[in-house]
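A.B. asks: coords below, sequence missing:
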């Protein structure tokens, strides 16, 4: 049983007053201050009192304030004055230590405004606690360096670099920008970066240059999805280039059917095939663009040696007519300039397979980001409890069980009498956990993050 309504045995509750939204609890420390903190003398005299109000954990849906008449004491030996000791209180925050710790955890997944309303603590103090919490987490939380690293980006006010663990589908870190110096400095500080084997990325030169400089042993692989997406972009350019020739009704129809043109031919249903056939027959440019888009996807579907891939690409390139070439110019230029790193995919099928999950995260966080700084969003993504790949979700509440009977021949400690029987592990269970090392933390799981954000829990 708790010693009092506060469950703080170090304090004696003198009076409890309740209002519609708050508890006002008058209390005092149980233990008196008996020695001077400066000279350890016990020759102390009273030097007045002052009432202080400390916030505590919300209780029964109401805010809690602790009213303490704090004594000022004077040491007769050294003549210095000081306040009595107030255990379990964070006096610099004017709240209990447990409230400060709780706010730190909650601020990672809740808004500062909602916490201020629930606790009665001003929002500025909550922001300061959040910053202190994040600073401490930055010192203590360590993610495993991925062997297969992904370098991507996410738009939060402006483009930010995202470091991911491809094998575990997790975010390892988010950088303030995507500049070469920023990425290179981060990779240099990363523990055991010489163990990274593959790095999948998009065609952004600063990423390539940073990785080549810091991790020359890592094989750079241009992400498949970033390359084939350029074929879809070419298809869109062809569609938009046709609009000037169409009536208003035809433009609306083409706008409605644009998803048919972007869809893979093998995935079309009968109605979509009919729509596609109508557009491509009436407008040959669309038909040729669609055929080239599908043929480029085919280059990636036919795995083989780099020489075979180059042969397939050369054949595809020859089929691009001068009329259609402007729409595919960006794709052709990118394939030419980034050819060695694009071809690495066909030796090592390393890809940012989480792209769709990350895109979902970007869309939701773009809405969220209007009320948060980048630093706050980064902390919420990286450190929120329950999102790490090695962490289990908090278990559901289980009803209290009756004490198990003690087995025959198993002794009961004397101090257990009258307080319920202790749980005694069998030697086999104890042995199972004797040599277990610390769990590895691979980062924040992208799927879990997306689910929490869409459910409004982050």
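C.D. replies: Great, that's in hand. A quick note: this is a predicted structure, and the numbers were derived from the prediction, not measured.
A.B. asks: And the most centrally placed residue in the chain, which helix or strand is it part of?
C.D. replies: Residue closest to the average C-alpha location in the chain (CA atoms, centre = their mean): residue 381, at 2.0 Å. Under the criterion of DSSP states H and E, residue 381 resides in helix 374-383.
A.B. asks: Run the chain-centre distance for that helix.
C.D. replies: Relative to its chain's centre, helix 374-383 lies at 6 Å (CA atoms, centre = their mean, to the nearest Å).
A.B. asks: in that helix, what's buried?
C.D. replies: Counting neighbours by 16 or more other CB atoms under 10 Å, one finds that the buried residues in helix 374-383 are 374, 376, 377, 378, 379, 380, 381, 382, 383. (Glycine included, C-beta is placed from N, CA and C.)
A.B. asks: cool, stretch 336-353 as well?
C.D. replies: Counting neighbours by 16+ other CB under 10 Å, stretch 336-353 gives 338, 341, 342, 343, 344, 345, 346, 350, 351, 352, 353 as buried.
A.B. asks: cool, stretch 131-148 as well?
C.D. replies: 133, 134, 143, 144, 145, 146, 148.
A.B. asks: now stretch 168-184
C.D. replies: Of the residues in stretch 168-184, those buried (16+ other CB under 10 Å) are 168-175, 178, 180, 182-184.
A.B. asks: can I assume the residue nearest to the centre of the chain is in contact with residue 173?
C.D. replies: No - in this structure, residue 381 is not within contact of residue 173 by CB atoms under 8 Å, at 9.4 Å.
A.B. asks: can I get the buried residues of helix 374-383 in JSON lines with pLDDT and distance to residue 139?
C.D. replies: Formatted as JSON lines, these follow (pLDDT from 0 to 100; distance: CB to CB, whole Å):
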{"residue": "374", "pLDDT": "81", "distance to residue 139": "20"}
{"residue": "376", "pLDDT": "82", "distance to residue 139": "18"}
{"residue": "377", "pLDDT": "81", "distance to residue 139": "20"}
{"residue": "378", "pLDDT": "84", "distance to residue 139": "15"}
{"residue": "379", "pLDDT": "85", "distance to residue 139": "13"}
{"residue": "380", "pLDDT": "81", "distance to residue 139": "18"}
{"residue": "381", "pLDDT": "80", "distance to residue 139": "18"}
{"residue": "382", "pLDDT": "84", "distance to residue 139": "13"}
{"residue": "383", "pLDDT": "83", "distance to residue 139": "12"}
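A.B. asks: Make a markdown table from these and add distance to residue 20 to it.
C.D. replies: Output for the buried residues of helix 374-383, formatted as a markdown table (distance: CB to CB, whole Å):
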| residue | distance to residue 20 |
| --- | --- |
| 374 | 39 |
| 376 | 32 |
| 377 | 35 |
| 378 | 38 |
| 379 | 34 |
| 380 | 32 |
| 381 | 37 |
| 382 | 39 |
| 383 | 35 |
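A.B. asks: got the end-to-end distance for stretch 6-17?
C.D. replies: One end of stretch 6-17 sits 13 Å from the other (CA to CA, to the nearest Å).
A.B. asks: So what touches stretch 81-100?
C.D. replies: 8, 10, 29, 31-33, 36-38, 47, 52-57, 66, 68, 70-75, 119, 121, 125, 129 (CB atoms under 8 Å, 6 or more residues apart in numbering).
A.B. asks: If anything else comes up later, I'll come back, but that's it for now.
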